[in-house]
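> here is my input; please provide its structure:
(2 chains)
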Amino acid sequence: MTTHAPQGAPPSGGKQSLNKTESNMVLTGVRSQRTVGDLFRRPETGALVGTVTVFIFFAIFGGAQFLTTGGVASWLNIASELALIALPVALLMIAGEFDLSVGSVVASSSVTLAVVSGVYGMPQIIGIIAALAVGALTGFVNGIIVARTNVPSFIVTLAMQFALAGLTLGLARVIAGSTSVPLTPDPVFKALFGTLINGQFEVAIFWAIGAAVVVVWILQMTRAGNWIFAIGGDSQSARAAGIPVPKVKIALFMSTAIGASLVGIIQTMLYNGAQTGSGQSFVFNSIVAVVVGGVLLTGGYGSVPGVILGCLTFAIVNQGIYYTGWNSDWAQLILGILLLVAVLMNNTFRRLALSGGGRKAASAAKGA
Amino acid sequence: MTTPLLTLSDVSKNFGTNQALSDISLEVNPGEVLCLLGDNGAGKSTLIKILSGVHKPSSGTVEVEGKPVVFDSPKAASDVGIATVHQYGGTFPLMSVARCFFVGHEPTKGVWPFKYFDKKAAGEITVREMQKLGITRVTDGSRLTGALSGGERQSLAIARAVYFGARVLILDEPTSALGVKQSTHVLRIIMHARAQGIAVVFVTHNVTHAMAVGDRFAVLIHGKKADDFRKGERTREQITDLMAGGEAMAELEAELAELTGPVQTTP
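Numbering: from 1, shown residues only, chains lettered A, B, ... in the order given. Below is the predicted model:
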């Protein structure tokens, strides 16, 4: 009986092999040379082009102010907060799901922290844990509903976005009597979450770098990363290959919500209080950043460097407009055009990637 | 006489009042190719789903090496060594060949929390296993699977199943979407798996492909086993007639003959 253990290579089959060129060329040829063509086959190439383009654009039209430390800090701060949400959202999107509830999670976590530690006067560490728990619970509920009912995550998380926004607003009015809840941060937590380094750079930049390292490790280096790609590529086949699809999805929904909670905590510490309406812009901004960053909207493809570049691109446009002296209304127009161009460009690069060694494989290259 | 690797006895399946399969009995031995022939809707898919653990039979038994088994999930079936390869199933176009090969079985290195997916080993094993099956064009595990041809992707899926210890390989219409040359390649891989002592269940409606590699044949019509024979016991015409429903085909030929003149049949 020829039963092969996964680790031991089957010795029997090689004997009467069907081809002449066997072992020697295989072992030497495993790693072929990297070429310029390979660069264009990476998921983040389009995103890099986008970031460089908008940077040059605003460096020219934004004047000297845009390039000062203050200017750089303004878009780095925006990019960092966005990245904390966009990075887990990217993982989730690679696994083929959406999270539209991140906006309300930012607000609800922020309000939770301010209510627990501000209104009720509990230690701020309790408030922070409570805020993260609100995020974790929201993500868990999103995940379990999507995994159990097969209702599209678009709908489930949209419903959550509304429900949680209402709940936050309602409870804030009942408990704090206002939609704005003040909190005086402890120096330790102010330093950890909400301080401005050199008076300009948010400490969130370091949180974002940390998050990027963790997410790139998970996606590129772990088994879980391979599962995420497989689930987004073909959920049925992934399940057939023994991947615990529901567990992975629940974990991913929890990670997006915890990312949003972290941003909620950061904003509360930064602005000394919570607003029930804060954070709503993250819902679409995170999707723009992730898609501009080269993640396939239908799942199965994407990269962390791409998402970081997507966040930077978004933030440069968002802040750069103020340095041009033009009306900030134009930023939205630029972002809209950028989104469309980025998706078209990413489709082209993906088709190139699929063409591999030059042969056509257009059948698999469809979709945005 | 050895015990067959897989035995089906009087297996039936109904979905509500709809009888999809009735009293199917089959045997598959190691190193044998069983061809499951039948027109669309004959019950081939249902039978595959029972073998691969997706459905449970309504009645009848499935035995692996003489021991009765009930599969609660596709994983339970793959745990005893029954692997199913669908037309494009199990391959992910936007993942690298190596990532694709090891989905769900990733080799790791290091200690938690720094345990990582050993992509170098994965790439080397994938390339080696694919070369064994005659896919010489793939020399780099980081190639995207979507860049492979249909036949190569099919080969990747088969190589994967064999490498992870498949004893029974169920191939669901592996050649139906492929061109002539690619099909030949897949047929050669089937013979290769057979030579390794794997029991192959080859599901197809292409009689030519079935006759090229099959040791045993079973023809399904409307959920029933219409015929069951060994290599050389039937001619191609007999099989084709049977699959098309015999008499129905003769009637059609007569009808066509009135319209267009006699239908050419090989002597």
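> using the three-state scheme, assign A:Ser286.
helix (DSSP: H, G, I helix; E, B strand; the rest coil).
> so B:Phe229 sits in a strand?
Yes. Using three-state DSSP, the assignment for B:Phe229 is a strand.
> surely it meets B:Phe217?
Yes. Assessed by CB atoms under 8 Å, B:Phe229 is found in contact with B:Phe217 at 5.5 Å. Glycine gets a C-beta too; all of them are placed from N, C-alpha and C.
> between those two, who's got more neighbours?
B:Phe217 (23 against 15; other CB atoms under 10 Å in any protein chain shown).
> OK, contacts around the more buried one?
B:Leu34, B:Cys35, B:Leu37, B:Ala210, B:Asp227, B:Asp228, B:Phe229, B:Arg230, B:Lys231, B:Arg234, B:Ile239 (CB atoms under 8 Å, 6 or more residues apart in numbering or on different chains).
> could you dump these to TSV with distance to B:Val127 and pLDDT?
Shown next, in TSV, are those (distance: CB to CB, whole Å; pLDDT from 0 to 100):
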residue	distance to B:Val127	pLDDT
B:Leu34	31	92
B:Cys35	31	91
B:Leu37	35	87
B:Ala210	31	88
B:Asp227	43	82
B:Asp228	41	85
B:Phe229	40	85
B:Arg230	38	84
B:Lys231	35	83
B:Arg234	41	82
B:Ile239	39	80
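> nearest to B:Ser59 among those residues?
B:Asp228 (19.6 Å; CB to CB).
> can you tell me how far that closest one is from B:Leu8?
12 Å (CB to CB, to the nearest Å).
> next, give phi and psi for the residue in the stretch 101-250 of chain B positioned nearest to chain A.
The stretch 101-250 of chain B approaches chain A most closely through B:Ala147 (2.9 Å), counting by CB to the nearest CB. With angles defined as degrees, to the nearest 10, B:Ala147 sits at phi -80, psi -10.
> pretty sure it contacts A:Arg351?
No. Shown here, B:Ala147 and A:Arg351 do not form a contact pair, counting by CB under 8 Å, at 10.4 Å.
> that older thread, among the contacts of B:Phe217, name the buried ones.
B:Leu34, B:Cys35, B:Leu37, B:Ala210, B:Asp227, B:Arg234, B:Ile239 (16 or more other CB atoms under 10 Å in any protein chain shown).
> just list whatever residues bridge to the second one.
The partner list for B:Cys35 in beta bridges (DSSP bridges) reads B:Phe202, B:Phe217.
> hmm, it is touching B:Arg216, no?
Yes. Contact criterion CB under 8 Å: B:Cys35 and B:Arg216 qualify, at 7.1 Å.
> could you list the buried residues of the helix ranked longest in chain B?
Longest helix in chain B by number of residues (criterion: DSSP state H): helix B:180-195. For helix B:180-195, a neighbour-count test (16+ other CB under 10 Å) marks B:Gln182, B:Ser183, B:His185, B:Val186, B:Leu187, B:Ile189, B:Ile190, B:His192, B:Ala193, B:Arg194 as buried.
> so which of those residues are also by chain A?
B:His192 (CB under 8 Å from any CB of the partner chain).
> which residues in the stretch 101-250 of chain B form strands?
B:108-109, B:116-117, B:168-172, B:199-204, B:216-221, B:224-230 (DSSP state E, counting those that start in this stretch).
> which stretches of chain B have low pLDDT?
For chain B, the stretches with pLDDT under 70 are B:1-2, B:87-90, B:245-250, B:261-267.
> what residues go with each domain of it?
Using automatic domain parsing, the domain ranges for chain B come out as B:6-234, B:235-267.
> deepest of those domains, which one?
domain B:6-234 (a mean of 20; mean count of other CB atoms under 10 Å in any protein chain shown).
> distance across that one, terminal residue to terminal residue?
24 Å (CA to CA, to the nearest Å).
> A:Gln124 is in contact with A:Phe189, correct?
Yes. In this structure, A:Phe189 is within contact of A:Gln124 by CB under 8 Å, at 5.2 Å.
> who has more neighbours, these two?
In this view A:Phe189 and A:Gln124 are compared by other CB under 10 Å, and A:Gln124 has more residues nearby, 23 against 20.
> surely that one is in contact with A:Thr184?
No. Between A:Gln124 and A:Thr184 there is no contact under CB under 8 Å: 9.4 Å.
> that's a helix at B:Gly31, yeah?
No. Counting by three-state DSSP, B:Gly31 is not part of a helix but coil.
> just the strands in the stretch 151-300 of chain A please.
A:180-182, A:196-197, A:201-202, A:273-275.
> parallel or antiparallel, which strands does the third one pair with?
Put plainly, it is strand A:201-202. The pairing partners recorded for strand A:201-202 under DSSP bridges are strand A:196-197 (antiparallel).
> again, but for the last one
The sheet places strand A:273-275 alongside strand A:180-182 (antiparallel), with pairing taken from DSSP bridges.
> related to what we said a few turns ago, now the residue of the stretch 101-250 of chain B closest to chain A: how far from A:Ala353?
In terms of CB to CB, B:Ala147 sits 8 Å off from A:Ala353.
> kindly report the same for A:Leu344.
Separation of A:Leu344 from A:Ala353 (CB to CB): 15 Å.
> which one of those two has more residues nearby?
Neighbour count, other CB under 10 Å: between A:Leu344 and A:Ala353, A:Ala353 has more, with 23 against 11.
> just the pLDDT for that one.
Confidence at A:Ala353, expressed as pLDDT, is 75.
> tell me the contacts of it?
A:Ala353 makes contacts with A:Arg41, A:Arg42, A:Pro43, B:Leu144, B:Ala147, as judged by CB under 8 Å, 6+ apart.
> try A:Leu219
A:Leu219 touches A:Leu91, A:Ile94, A:Gly225, A:Ile228, A:Phe229, A:Ser303, A:Val304, counting by CB under 8 Å, 6+ apart.
> surely the first one is in contact with A:Phe253?
Yep, that's A:Leu91 we're talking about. No. Using CB under 8 Å, A:Leu91 makes no contact with A:Phe253, being 10.2 Å away.
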